[in-house]
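Asks: Mind folding the following:
(one chain, ligands or ions: 1)
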Amino acid sequence: MKQEPLQAAEDWAVETFGAVELGDPRRRDRLLKVSSALAVNPSASLPQAFGNWGETQGAYRFLSDPAFSYEEIIQPHWNHVYGEAAQEERTLLLADTTEFDFTKHQALKGRGPIGNSRENIGFSLHTVLAMKPQTQQILGCLTLNPFIRQLVPAGETKWQRKKRARESQVWEQSVQRIGRVPENCQWIYVSDSGSDVYTFWQTCEELGYDFVLRLAQDRNVDGSEEEATEQREQAHVKTLVRALPAVDAHVVTIPAQRGRPKRETCLQMTFQEVRVHPPLHGARLSETGITAWVVRVWETNAPEGQEPLEWILLTTLPLTCAEQAWEVVRWYEWRWQMEDFHKALKTGCQMERHNLQTIEAVWRLLAILTPLALRLLVIRQAAQQAEEIPASEVVSAEVIQVVTHLDQRHQAIRTAKELWRAIARLGGYLDRKHDGPPGWQTLWKGWKRILDVLEGVRFAALFHPS
Ligand SMILES: [Mn+2]
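Replies: Down below sits the predicted model:
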């Protein structure tokens, strides 16, 4: 199977958005024009992507059209991904919330506050991506939920806060939007401590989802001993799990982050079944508790001056052995791909630089850029992982020829990894021993150069029919 990002922009646009229903067929045509122009040049502004005023104006008119919503634009993609995931036995749903900064566009109508400052403006975005755990392949986006944060009004009482729609509700809304888990499928939310929200867990239970998430609160659980007695002892989940001895240990590599170099470390692990009590207020569906398993991994030999790593995870998946508990930890580690996707939107697609008049127009653009950012993500993954796959399985012989010819090293390209390295070099990647993996912009630049050359080759053939 040829990898999807290697499709020509127009083919990709038709495949991704062709089934869209926006009423007037002219709207569909415009969507295909805008999406294929951005597919060629994902980080471009609209005037740059089109290079002529008439088409640019057409794109602005399309994005400002109140006749349809961002959901209608991305619906065919959501349907496609839902259908793909429904064919898998098990799918991980990586979910997270991020903020987009439009402080430079003060005129943007409908925007809200972001961060902790009252000066910065933009919107929040909750995203759910589907991932196939066997290959870590991202199937696509299952739902997007952009929203405007409400600042806490000064002097608000606890009761008023409960009544106001709270940000934490976006988690249960995302589950409801995706809907019931299809027959014979296991769909597992994988999410950070932002999803420590009891009503989210209840919604998962109601619609058939499992989850693996990081606990934020030290919730009440049944005490471990004397479960049979009438007076069940209460305990706090973190205190309880921290008192358990390690049942296993693994050496893992912690990737470099926030200026700290990558390091190898030994992680201790323990796990136990718990009965989590509902909070005293606000458990919507029922007042019953939830049976789950808590997993703790922690570092005992952190280098001096570095905070030792500790994750306390909660999962609805029954854990009967250490191997299952490690699997859950591994899935939680893969969550970084979600953060990478948000980076692809911000850095790869320069989402925050677009100058539109209303937040609804920004969200319509977001619906176009989301499948595009996924294309960037797949390219970067391919560049990092594709070690053993022959290049000829990924692209046509014509592409391999063009890349070999343009690459200054002029070496034979055998594997997909060699192919992507050469493509990155065409985009300016130096590929020295100490260089990290190539970034989005570099890969995309290299790939775009090949697309341009291919177009030239095909164009030339028109004039010299053989
Ligand atoms: Mn988060």
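Asks: all strands of the protein, in order?
Replies: All strands of the chain, identified by DSSP state E, fall at 90-101, 112-113, 121-132, 137-147, 186-191, 210-214, 220-222, 234-236, 248-254, 263-276, 290-299, 310-315.
Asks: Mind giving me the packing neighbours of the shortest one?
Replies: It refers to strand 112-113. strand 121-132 (3 or more CB pairs under 8 Å, 6 or more residues apart in numbering; DSSP states H and E). Bear in mind the C-beta positions are built from the backbone N, C-alpha and C, glycine included.
Asks: State the paired neighbours of the strand it packs on in the sheet, together with their directions.
Replies: Looking at strand 121-132 with DSSP bridges, its partner strands are strand 90-101 (antiparallel), strand 112-113 (antiparallel), strand 137-147 (antiparallel).
Asks: So what's the residue count around residue 124?
Replies: Using other CB atoms under 10 Å, residue 124 has 18 neighbouring residues.
Asks: For it, give me its contacts.
Replies: 97-100, 114, 146-149, 167, 170 (CB atoms under 8 Å, 6 or more residues apart in numbering).
Asks: cool, residue 172 as well?
Replies: Each residue near residue 172 by CB under 8 Å, 6+ apart is listed here: 197, 199-200, 202-203.
Asks: Tell me the one of the residues you listed nearest the ion?
Replies: Of all those, residue 197 has the smallest distance to the ion: 11.8 Å, by CB to the ion.
Asks: Near the ion, which residues of the stretch 1-150 of the chain? Just list them.
Replies: Counting by CB under 5 Å from the ion, the residues of the stretch 1-150 of the chain close to the ion are residue 96.
Asks: where does the stretch 1-150 of the chain dip in pLDDT?
Replies: Low-confidence segments of the stretch 1-150 of the chain (pLDDT under 70): 1-6.
Asks: Apply 80 and report the result again.
Replies: Within the stretch 1-150 of the chain, the ranges that satisfy pLDDT under 80 run 1-8, 117-118.
Asks: Ok, the stretch 151-300 of the chain next?
Replies: Short version for the stretch 151-300 of the chain, where the test is pLDDT under 80: 151-166, 223-234, 254-262, 280-287.
Asks: let's see 50
Replies: Applying pLDDT under 50 to the stretch 151-300 of the chain flags residues 226-231.
Asks: need the residues of it near the ion, please.
Replies: Contact residues (CB under 5 Å from the ion) of the stretch 151-300 of the chain with the ion: 192, 194.
Asks: ok, back up a step: closest one of the contacts of residue 124 to the ion?
Replies: Closest approach to the ion among the contacts of residue 124 (CB to the ion): residue 97, at 5.3 Å.
Asks: My read is that that closest one contacts residue 114, right?
Replies: No - the criterion here is CB atoms under 8 Å, and residue 97 misses it with residue 114 at 11.3 Å.
Asks: related to what we said a few turns ago, most neighbours among the contacts of residue 172, please name it.
Replies: The most crowded member of the contacts of residue 172, judged by other CB under 10 Å, is residue 200 (25 neighbours).
Asks: Against residue 438, how distant is residue 377?
Replies: According to CB to CB, to the nearest Å, residue 377 stands 14 Å off from residue 438.
Asks: who has more neighbours, these two?
Replies: Ranked by neighbour count (other CB under 10 Å), residue 377 and residue 438 place residue 438 first, with 25 against 21.
Asks: Domain ranges for this structure, per the record?
Replies: Following automatic domain parsing, one finds the domains of the chain at 4-68+354-381, 70-343, 386-463.
Asks: Let me know which of these is tucked in deepest.
Replies: domain 4-68+354-381 (a mean of 18; mean count of other CB atoms under 10 Å).
Asks: how far out from the middle of the chain is that one?
Replies: Here domain 4-68+354-381 is found 19 Å from its chain centre; the criterion is CA atoms, centre = their mean, to the nearest Å.
Asks: picking that back up, Serialize the strands of the chain to JSON lines and add fields for distance to residue 413.
Replies: Converted to JSON lines, these look like this (distance: least, CB to CB, whole Å):
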{"stretch": "strand 90-101", "distance to residue 413": "32"}
{"stretch": "strand 112-113", "distance to residue 413": "49"}
{"stretch": "strand 121-132", "distance to residue 413": "27"}
{"stretch": "strand 137-147", "distance to residue 413": "23"}
{"stretch": "strand 186-191", "distance to residue 413": "35"}
{"stretch": "strand 210-214", "distance to residue 413": "39"}
{"stretch": "strand 220-222", "distance to residue 413": "56"}
{"stretch": "strand 234-236", "distance to residue 413": "57"}
{"stretch": "strand 248-254", "distance to residue 413": "29"}
{"stretch": "strand 263-276", "distance to residue 413": "33"}
{"stretch": "strand 290-299", "distance to residue 413": "40"}
{"stretch": "strand 310-315", "distance to residue 413": "41"}
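Asks: mind checking which of the ones you listed is nearest residue 349?
Replies: strand 90-101 (11.1 Å; CB to CB).
Asks: Between strand 210-214 and the closest one, find me the angle.
Replies: Orientation of strand 90-101 against strand 210-214 (axes from the mean of the first three to the mean of the last three CA atoms, to 10 degrees) gives an angle of 50 degrees.
Asks: Now do the same contact list for the residue nearest in space to the middle of the chain.
Replies: Against the mean C-alpha coordinate of the chain, by CA atoms, centre = their mean, the closest residue is residue 338 at 3.0 Å. By CB under 8 Å, 6+ apart, the contact list for residue 338 reads 94-96, 127, 129.
Asks: Go through the chain and flag its longest helix.
Replies: Longest helix in the chain, counting residues (DSSP state H): helix 359-385.
Asks: which one is residue 293 nearest to, not counting chain neighbours?
Replies: Of all residues not flanking residue 293 in the chain, residue 319 sits nearest, at 4.5 Å (CB to CB, 6 or more residues apart in numbering).
Asks: How about residue 23?
Replies: residue 67 (6.3 Å).
Asks: And residue 410, by the same measure?
Replies: Here the residue nearest residue 410, using CB to CB, 6+ apart, is residue 404, at 6.8 Å.
Asks: right, and that neighbour touches residue 413 too?
Replies: Yes - using CB under 8 Å, residue 404 is in contact with residue 413, at 5.5 Å.
Asks: Find residues that contact each of these two.
Replies: residue 422.
Asks: Report the beta-bridge partner residues of the nearest residue to residue 309 once chain neighbours are set aside.
Replies: The shortest distance from residue 309 to any non-neighbouring residue, by CB to CB, 6+ apart, is to residue 299 (4.4 Å). With DSSP bridges applied, residue 299 shows beta-bridge pairing to residue 267.
Asks: ok so, going back, now, among the contacts of residue 338, which is nearest to the ion?
Replies: Distance to the ion across the contacts of residue 338 (CB to the ion) is lowest for residue 96, with 4.5 Å.
Asks: show me what contacts residue 334?
Replies: Counting by CB under 8 Å, 6+ apart, residue 334 makes contact with 92, 94, 131, 136, 190.
Asks: Skip the chain neighbours and tell me the closest residue to residue 169.
Replies: Distances taken as CB to CB, 6+ apart place residue 199 nearest to residue 169, at 7.4 Å, with adjacent residues excluded.
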